[in-house]
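Undergrad: Structure for this input, please:
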Amino acid sequence: MRKNGSPAEEGTAFLNARLIDPASGKDEPGGLLVKGDVIADLGGHLRRNAPDRAKVVDCKGHVLCPGLIDMQVFTGEPGQEHRETLKTASHAAAAGGVTTMVVMPDTEPVIDQVALVDFIQRRARDNAVVNVHVMAAMTRGLKGQDMTEIGLMKRAGAIAFTNGKASVANTRVMRNVLLYAKDFGALIVHHTEDPHLTEGTVMNSGEVATRLGLPGVNKAAETIVLERDVRLVEITGGRYHASGLTCAESIAVIRSAKARKLPVTCGVSINHLTLNENDIGPYRTFFRVKPPLRSEDDRTAMVRALAAGDVDVIVSSHDPQDADTKRHPFAEAADGAIGLETLLAAALRLYHNGEIGLMPLLKAMTINPAKLLGLACGRLEKNAPADLVLVDLGQPWVVDKALLKARSKNSPFDESKMQGRVLQTMVAGSTVYQYAGADRT
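TA: Next up, the predicted model:
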């Protein structure tokens, strides 16, 4: 049964849309026809005229673009379902225009074997309303010591491999992971923070940390690990993605690696593009994230790097924490902030502020992660998956944590004013979210 109530053979026609496709650079008025689970047709000829018997959605000039792909989503399933389940995370994703989410292996137990990869895929099939892929652990228990069966888990459906929130400190292990993964064409995604330098720290070192009396960590903890990893990529030739970079110095390392044609890419979380260390203010624990928020200079440097194409991907870094782990003094609170539902709206702040164009912004959340992960989605073209999002770029709204669909409510954007709301989200031709205030048919 199709969730939008339209028989597959009739299809759904989105008329009077602003079609934006970062994969092709398309930004033009037109329409799009969905039949079954794919895009059957699109273009200017469908701007006002729908095929016979198709269900019509009047987009009223709003943006219709590929659904977002979020390649860094932490959930609590299995083991900590009180924080988040695949079902609740997927509904939050749909409300935020995210049609594909990649879940991280930081669960209990850790997703470090074939049976657990299969478990997540089956749970997602039964409960999630968006596409869910698994990023499996590259070391057993995420302990950074013994390599997992990367080849077997890739064959079972793991889309990439990571050590979750922890860096692999052992250089020999990291080299072996890159070397082994290369044999399977597997992507290695690494969190770059030296665990010895970050131990006991809770925020970025500098004037703000000193004023708040909190232990800070220098951003060199990030660049040291990143520089080591790039050298290992040079030796091994393995595919490498640095997740969640935060500072200008790291971008210089990435830029140099790309200039040498190394298979290196990087991502940044929406938190580090739109927030800085000053937002911590009076010890607000929802702003305690990992890696920590940096200075305003580093935030703007990351935005410039995104606009220039040095940063490849934007992620939500959705990391639900329950109230009990956040209601502590800042230094004792858990790291993490939810972000699936606010990813697009927060990103649009950069567009509305004139810091970046809409096309490169959407590119980092659609076609770029699709290419990295080898996915067919992330584009508007005939026979591509009908994973779509309709967005009113101008609609104002205020984030109310009580109304968020995520199970945990630790949003750094709580009570923030946003401009830009998802009106409708479609996955494989079925509508999985529709804004209650929208009336377009």
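Undergrad: Assign the nearest residue to residue 194 once chain neighbours are set aside to helix, strand or coil.
TA: Nearest non-adjacent residue to residue 194, counting by CB to CB, 6 or more residues apart in numbering: residue 221, 4.4 Å away. Quick note: C-beta positions are derived from backbone N, CA and C, even for glycine. Three-state call for residue 221 (DSSP: H, G, I helix; E, B strand; the rest coil): helix.
Undergrad: For burial, what's the neighbour tally of residue 221?
TA: The number of residues packed near residue 221 is 22, by other CB atoms under 10 Å.
Undergrad: Kindly report the same for the one 4 residues further on.
TA: Burial of residue 225 is recorded as 25 neighbouring residues (other CB under 10 Å).
Undergrad: Roughly how far does it sit from residue 90?
TA: 32 Å (CB to CB, to the nearest Å).
Undergrad: Report the contact partners of the residue nearest to residue 194.
TA: For residue 221, the contact set (CB atoms under 8 Å, 6 or more residues apart in numbering) comprises 193, 194, 197, 198.
Undergrad: Distance of the first one relative to residue 290?
TA: It refers to residue 193. Taking CB to CB, one finds residue 193 at 8 Å from residue 290.
Undergrad: just the second one next, same as before
TA: Counting by CB to CB, the gap from residue 194 to residue 290 is 13 Å.
Undergrad: Tell me which of residue 193 and residue 290 has more neighbours.
TA: More crowded of residue 193 and residue 290, by other CB under 10 Å: residue 193, with 25 against 18.
Undergrad: ok, now which ones touch the more buried one?
TA: Residues near residue 193 by CB under 8 Å, 6+ apart: 167, 217, 221, 222, 225, 290, 291.
Undergrad: ok, now with 10 Å
TA: By CB atoms under 10 Å, 6 or more residues apart in numbering, the contact set of residue 193 is 165-167, 169, 201, 217, 219, 221-222, 224-226, 244, 246, 290-292.
Undergrad: Which ones among those residues lie within helices?
TA: When DSSP state H is applied, these are split such that 221, 222, 224, 225, 226 fall in helices.
Undergrad: how close does the residue nearest to residue 194 sit to residue 196?
TA: 8 Å.
Undergrad: what do you get for residue 298?
TA: Distance from residue 298 to residue 196, by CB to CB: 22 Å.
Undergrad: Residue 150 now?
TA: The value you get for residue 150 to residue 196, if CB to CB is used, is 26 Å.
Undergrad: quick one: the helices in the stretch 251-400 of the chain?
TA: All helices of the stretch 251-400 of the chain, identified by DSSP state H, counting those that start in this stretch, fall at 270-274, 296-308, 323-326, 343-352, 358-363, 367-373.
Undergrad: Residue 421 is nearest to which of those?
TA: For those, the distance to residue 421 is smallest for helix 343-352, at 6.9 Å, taking CB to CB.
Undergrad: So residue 206 sits against residue 280, correct?
TA: No - using CB atoms under 10 Å, residue 206 is not in contact with residue 280; the gap is 11.6 Å.
Undergrad: Show me which of these two is the more surrounded one.
TA: Comparing residue 206 with residue 280 by other CB under 10 Å, the one with more neighbours is residue 280, at 24 against 14.
Undergrad: Tell me which of residue 150 and residue 196 has more neighbours.
TA: When neighbours are counted by other CB under 10 Å, residue 150 and residue 196 differ, and residue 150 comes out ahead with 20 against 10.
Undergrad: Return the residues in contact with the more buried one.
TA: 136, 137, 138, 158, 161, 177, 180, 181, 183, 184, 186, 188.
Undergrad: Going by neighbour count, which of the residues you listed are buried?
TA: 136, 137, 138, 158, 161, 177, 180, 181, 186, 188 (16 or more other CB atoms under 10 Å).
Undergrad: What is the nearest of these to residue 332?
TA: residue 137 (27.1 Å).
Undergrad: Spit out the contact partners of the closest one.
TA: With contact set as CB under 10 Å, 6+ apart, residue 137 has these partners: 104-107, 109-113, 116-117, 143, 147-148, 150, 153, 158, 161-164.
Undergrad: So residue 117 versus residue 428, what's the distance?
TA: Residue 117 is 21 Å from residue 428, by CB to CB.
Undergrad: which element is the residue lying farthest from the centre of the chain on?
TA: Here the chain reaches farthest from its C-alpha mean at residue 52, the gap being 37.8 Å by CA atoms, centre = their mean. In this assignment (DSSP states H and E), residue 52 forms part of neither any helix nor any strand.
Undergrad: Looks like it contacts residue 10 (just checking).
TA: Yes - with contact defined as CB under 10 Å, residue 52 reaches residue 10; the gap is 8.7 Å.
Undergrad: Next, the buried residues of stretch 74-89.
TA: Of all the residues in stretch 74-89, those buried under the rule 16+ other CB under 10 Å are 74-78, 80, 83-89.
Undergrad: Please apply the same query to stretch 88-99.
TA: Buried residues in stretch 88-99 (16+ other CB under 10 Å): 88, 89, 90, 91, 92, 93, 94, 95, 96, 97, 98, 99.
Undergrad: could those go into JSON lines alongside distance to residue 68, secondary structure and pLDDT?
TA: Formatted as JSON lines, the buried residues of stretch 88-99 follow (distance: CB to CB, whole Å; DSSP: H, G, I helix; E, B strand; the rest coil; pLDDT from 0 to 100):
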{"residue": "88", "distance to residue 68": "18", "secondary structure": "helix", "pLDDT": "98"}
{"residue": "89", "distance to residue 68": "14", "secondary structure": "helix", "pLDDT": "98"}
{"residue": "90", "distance to residue 68": "13", "secondary structure": "helix", "pLDDT": "98"}
{"residue": "91", "distance to residue 68": "15", "secondary structure": "helix", "pLDDT": "98"}
{"residue": "92", "distance to residue 68": "12", "secondary structure": "helix", "pLDDT": "98"}
{"residue": "93", "distance to residue 68": "8", "secondary structure": "helix", "pLDDT": "98"}
{"residue": "94", "distance to residue 68": "10", "secondary structure": "helix", "pLDDT": "98"}
{"residue": "95", "distance to residue 68": "12", "secondary structure": "helix", "pLDDT": "98"}
{"residue": "96", "distance to residue 68": "7", "secondary structure": "coil", "pLDDT": "98"}
{"residue": "97", "distance to residue 68": "5", "secondary structure": "coil", "pLDDT": "98"}
{"residue": "98", "distance to residue 68": "4", "secondary structure": "strand", "pLDDT": "98"}
{"residue": "99", "distance to residue 68": "7", "secondary structure": "strand", "pLDDT": "98"}
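Undergrad: Tell me the one among those residues nearest to residue 388.
TA: For the buried residues of stretch 88-99, the nearest to residue 388 is residue 99 (7.5 Å; CB to CB).
Undergrad: nearest spatial neighbour of the closest one, skipping sequence neighbours?
TA: Closest to residue 99 by CB to CB, 6+ apart is residue 67, at 2.7 Å.
Undergrad: ditto for residue 42
TA: Per CB to CB, 6+ apart, closest to residue 42 is residue 32, 4.1 Å.
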